[in-house]
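Enquirer: sequence? don't have it. structure:
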């Protein structure tokens, strides 16, 4: 116990206080004492209550940490610090002898008084494996040392030091008790066990005093534990004292100190008390831990545990990088060509410029950065639409789609012509909305979503035409969209946006509907359904079998297992009829994929000899099952059936060719819309009455009717006609060749009206731009009629003749009458950019009409790309990240990504792992259910 701890205990002691004394045989004694009560006074109270005789000389020991500190009788409890304990265990021993030695670090001074706490060396019973503490150096050299003598304590495995006056007092008061204890006949106490027969270890002790008087062996008289028989009574100071064996001593002591064991069973309570009063615990575990800590602190320490072994960086080599790149490719399931991707190469090039390594962002930082880039690019696109480089209208395509995780999305793409330089135009497009729509796909919600998407990028004043499929809810969508658009304040002063005139029906969808009408009329077989794998099988017992159904069944069987796939490929490699080139696999059609039935029939017809062999051989494999083999053999097509397949392919080829005209979204395609429908209508209608195609007459008529129905709806919009006229090589040629003269006149008059309106819009009046047009280089080349020898009269006559024609009509006729040719490798948009100064009004119209898409294929491609993004391993992507991913992916592929100018090195701050938000918060996602159909416009000022 440290001195500061001793004083703290004394200062906390109260007076009076109660001490509870536990006795194994007589219960608990309750003593009312105070700080001035001495140990001897307390012993008097204990023995008087127990009707026992008071020992002549005794010490009280305080049980703490399973060790006992022997204290003098005349010391007060306040000095001993016992008053701060709520319950203590006391052991009282009678002592004999005269002089007490201080060699064993006793707490008693030469005057019999208790030493100051700073001068006491506390001696506890040491364990066998612990080192005895050294003698305290705090003893004053001027203090006289009284002679002491040592006696062994068999019950406590230690030695007791007593002073001479204590020994004499003990002998005077307890002579009778000592004799009884030596003989082992004390009343009510059992005799100690006999010493073992084996020779006990001998401990030699010498007294510092030169007295030859004999001393009595220490005896124990306790109210808690029974008295232990000790060593012989007479012990010479210079003789050897034989100790009891450790096993016998400890065993008998435990048997007669059960109450102490009970005290130590509640060690957690004692530890809690020690912590509360800042008392140093000396329980075995605590002492062992303290000893281990002391030994550890005494050990010579090194810096090795505090040093981190530096990671050995292997120098760069091409082999090392190749291995690391391939490991990344394999671990992340990347395609083999991923290392050749330009963006991957760019990333590695950027990383190679780092001098101290690169900081790789985590998942959260990556997600935040993607959203930040999305916001920044959407704001940039909004400013781009409002700039001077985009002077024409912006047309749209839209469509709805359901992902593999059943989330529904509504995609909107924008198409426009942008000035990239003087007389340089470029057709641009990008995804501007990929909105999740898990609510009903009715026309009102679709119209609301479409308006919010275009308003988010500020397109209200520049909306051109909208291309969508022929679903009935799209009519409602555009009607609701037109209502909200015309009510927008940003369209104030602009012409009314008529949804019927501005709607373009997807030509690819029209052709697909017509093709499906032909197929469904001719073939009644259903498409393959994995949920019902036998539903598609045709009836093979009829006379006129369904060739499409037969081929579909063969394809399903060929693709049903790896074994059959390998068999079909092996058949193609067998001589002598092996196929030139690698073996091919049959393809299966599906209802939602355009031209898929045509592709399936074309592949099967090209491999028909291998298809017949395959059907025969898989039938042989079912030789044990006669019924199953018969069904397989019946799938084989006859020569006549293969001929009908070839004829049917010829009919579908017209539709497939027309559909391929609209598969591009990088070039204008609306000018081929009407010719494609007319060509398909003519091809099918002309074959309805031919005997060669009699098996398909009904199917062809169904297709013709479908084409006619949608063709008639094109009359509502002038966009189809103007797109054809604006093609410099076609102009009015198709109308003159295929239409009646009166219809051709109507087309020319409509074009003249549209041109005149644009002329007035640009020039303000019909005569305003005469001077400007005369200055155009193209006109000067064409109308150079003046000769060097011509006189002024001829010049005046020519000028008067020229002025007789209205200026707007002159440009109109100049373009229509001229024979233009688009050079090889030049697009239609590039040609108009090059001739924008030759025909300024026509060029202004070309900005609007050449950006119209004939199909919604751009939206369909967005869905294909989204299917890769929302894969099985990423099917939990939320709408807050799907739209940014799709938008940025489209922008990257079209090189429309907006990048801020790089900062100078001096201005770059250290990256602290956080991302700065360059713009204020805004509504990133489109919520189609946010507002009701009240015509209310949303505030998008946050995008500025």
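Expert: Good, I have the coordinates. Bear in mind that the values here come from a model prediction, so they are computed numbers and not experimental data.

Enquirer: pLDDT below threshold where in this protein?
Expert: 1-33, 35, 39-40, 43-266, 300-301, 305-306, 766-805, 900-944 (pLDDT under 70).

Enquirer: how near is residue 762 to residue 440?
Expert: For residue 762, the distance to residue 440 equals 44 Å [C-beta to C-beta, to the nearest Å]. (Each C-beta comes from the backbone N, C-alpha and C, glycine too.)

Enquirer: wait, I meant residue 711
Expert: In terms of C-beta to C-beta, residue 711 sits 31 Å off from residue 440.

Enquirer: of these two, who's got more company?
Expert: Neighbours per residue (other C-beta atoms under 10 Å) separate residue 711 from residue 440, with residue 711 holding more: 18 against 13.

Enquirer: element containing the more buried one?
Expert: helix 697-712 (DSSP states H and E).

Enquirer: what does residue 281 give?
Expert: Judged by DSSP H and E, residue 281 forms part of no helix or strand.

Enquirer: what's the burial count for it?
Expert: 16.

Enquirer: Tell me if I'm right that it and residue 272 touch.
Expert: No. Using C-beta atoms under 8 Å, residue 281 is not in contact with residue 272, being 10.2 Å away.

Enquirer: wait, what's in contact with residue 828?
Expert: 667, 668, 671, 727, 728, 822, 850 (C-beta atoms under 8 Å, 6 or more residues apart in numbering).

Enquirer: try it again with 7 Å
Expert: For residue 828, the contacting residues are 667, 668, 727, 822, 850, by C-beta atoms under 7 Å, 6 or more residues apart in numbering.

Enquirer: Quick check: it vs residue 758, distance?
Expert: With C-beta to C-beta as the criterion, residue 828 and residue 758 are 19 Å apart.

Enquirer: before we move on, what about residue 535?
Expert: 57 Å.

Enquirer: for residue 443, same thing?
Expert: 32 Å.

Enquirer: what does residue 552 give?
Expert: Distance from residue 552 to residue 758, by C-beta to C-beta: 53 Å.

Enquirer: One more: residue 375?
Expert: For residue 375 relative to residue 758 (C-beta to C-beta), the value is 37 Å.

Enquirer: of these two, who's got more company?
Expert: residue 375 (20 against 17).

Enquirer: Doesn't that one lie inside a helix?
Expert: Yes. The assignment for residue 375 (DSSP: H, G, I helix; E, B strand; the rest coil) places it in a helix.

Enquirer: Span of stretch 391-406 from start to end?
Expert: 40 Å (C-alpha to C-alpha, to the nearest Å).

Enquirer: Of the contacts of residue 828, grab the buried ones for ChimeraX.
Expert: One line in ChimeraX is enough to select the buried ones among the contacts of residue 828; burial here means 16 or more other C-beta atoms under 10 Å:
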select :668,727,850
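
Enquirer: got a markdown table for the contacts of residue 828, with distance to residue 412 and secondary structure too?
Expert: Below are these laid out as a markdown table (distance: C-beta to C-beta, whole Å; DSSP: H, G, I helix; E, B strand; the rest coil):
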| residue | distance to residue 412 | secondary structure |
| --- | --- | --- |
| 667 | 20 | coil |
| 668 | 19 | coil |
| 727 | 27 | coil |
| 822 | 31 | coil |
| 850 | 20 | coil |
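
Enquirer: Quick check: the farthest pair among the contacts of residue 828?
Expert: Greatest spatial distance among the contacts of residue 828 (C-beta to C-beta): 822 and 850, at 12.6 Å.

Enquirer: how many neighbours does residue 663 have?
Expert: 15.

Enquirer: Grab the nearest non-local neighbour of it.
Expert: residue 857 (5.8 Å; C-beta to C-beta, 6 or more residues apart in numbering).

Enquirer: for the nearest residue to residue 886 once chain neighbours are set aside, phi and psi?
Expert: Once flanking residues are discounted, residue 886 sits nearest to residue 434: 4.5 Å by C-beta to C-beta, 6+ apart. When quoted as degrees, to the nearest 10, the phi and psi of residue 434 stand at phi -140, psi 80.

Enquirer: tell me the contacts of residue 434?
Expert: Contacts of residue 434 (C-beta under 7 Å, 6+ apart): 409, 411, 862, 882, 883, 886, 887.

Enquirer: Show me what whichever strand or helix holds the first one is packed against.
Expert: With the criterion set as DSSP H and E, the secondary-structure element containing residue 409 is strand 408-421. Judged by 3 or more C-beta pairs under 7 Å, 6 or more residues apart in numbering; DSSP states H and E, the packing partners of strand 408-421 are strand 394-402, strand 424-436, helix 443-456, helix 857-869.
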